[in-house]
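In: Show me the folded form of this:
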Amino acid sequence: MTLAERYNTEARHLLPHMADDLAVDPTIDRASEIDEIVFRRGEFLGGMACAILAMIERTK
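Out: Next up is the predicted model:
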């Protein structure tokens, strides 16, 4: 499972009402790329993406 797949799953679980805004291409496997893509959509979304990625990292 790629990082983006785990990220998208976690985003849907935590923030189902914003999952479409936070979703990224499931083939991505670098946190920096996910953060960059979502941050371009808005600072608020980028902050949420960063927090979701940190949660994923802690559960490894």
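In: For the rest of this, base every contact and every neighbour count on C-alpha atoms.
Out: Will do.
In: Next, work out how far apart Arg41 and Thr59 are.
Out: Noted for Arg41: a distance of 26 Å to Thr59, by Cα to Cα, to the nearest Å.
In: quick one, which of these two is more surrounded?
Out: The residue with more neighbours, out of Arg41 and Thr59, is Arg41; 12 against 6, by other Cα atoms under 10 Å.
In: If you drop the residues flanking it in sequence, what lies closest to the more buried one?
Out: Asp21 (7.9 Å; Cα to Cα, 6 or more residues apart in numbering).
In: pLDDT value on the one you found, please?
Out: Looking at Asp21, its pLDDT reads 98.
In: same thing with Thr59?
Out: 85.
In: what do you get for Phe39?
Out: At Phe39, pLDDT is 97.
In: Next, the contact list for Tyr7, please.
Out: Going by Cα atoms under 8 Å, 6 or more residues apart in numbering, Tyr7 touches Ile52, Leu53, Ile56.
In: Show the contacting residues for the first one.
Out: Remark: with contacts taken as Cα under 8 Å, 6+ apart, Ile52 is in contact with Tyr7, Glu10, Ala11.
In: mind listing which of the residues you listed are in strands?
Out: Of the positions in those, not one sits in strands, assigned by DSSP state E.
In: For Ser32, state which of the residues you listed is nearest.
Out: Within these, distances to Ser32 taken as Cα to Cα reach their minimum at Tyr7, with 12.4 Å.
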